[in-house]
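Asks: following is a predicted model, sequence given first.
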Amino acid sequence: MDTLVIIISLLIGVLQIVMIVKFFQIAADVRAIKNNENEKGVQELTSISPDFEKRFYVAYVSGDDKSAKDLLFDEIGRSKEFACLLRGGNDTYFNQNVEEIRKRYAKYLTQINGSDEINFEPLKK
């Protein structure tokens, strides 16, 4: 009987060690996924694609303000800050992301709208 209890205790101990190792592997995988999030459709914080600038100014100079505005909002929609706005958070976090978007796209917004204001309030959760 004592031998059976010892064997079961050893098996439970080995199982606990295996579970701890697996937990740390999963945590490392989650960290890797979080770090690679920007590679899948979300731009880096400081990047504006050069192709966007060219297409925006072609549309703007040709007088097609609607097309230029669509291009601008497509570009804003691909930014990391906009993705963060969609995820939600507290008001400070929301306002920081709105300010980052306004700073980065201010010259384009001013050309299209006459000001750098965009109403992101409907996105608040």
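Replies: Received it, and whenever you're ready, just let me know what you need. From a predicted model like this one, the values you see are computed outputs, not experimental measurements. Residues are numbered from 1 along each chain as shown.

Asks: please count neighbours and contacts with C-alpha atoms only from this point.
Replies: Noted.

Asks: mind checking how far M1 is from I7?
Replies: M1 sits 10 Å away from I7, going by Cα to Cα, to the nearest Å.

Asks: and those two? which has more neighbours close in?
Replies: The neighbour count for M1 versus I7, taken as other Cα atoms under 10 Å, is higher for I7 (11 against 5).

Asks: which element is that one on?
Replies: Using DSSP states H and E, I7 maps to helix 2-35.

Asks: and for F82?
Replies: If you go by DSSP H and E, F82 is part of helix 80-87.

Asks: quick one: buried residues of that helix?
Replies: Residues K80, E81, F82, A83, L85 are the ones in helix 80-87 that count as buried (16 or more other Cα atoms under 10 Å).

Asks: wait, which of the residues you listed is closest to L11?
Replies: Nearest to L11 among the buried residues of helix 80-87: A83, at 46.6 Å, using Cα to Cα.

Asks: hang on, that closest one packs against G77?
Replies: Yes - at 7.4 Å, A83 and G77 qualify as touching, with contact defined as Cα atoms under 8 Å.
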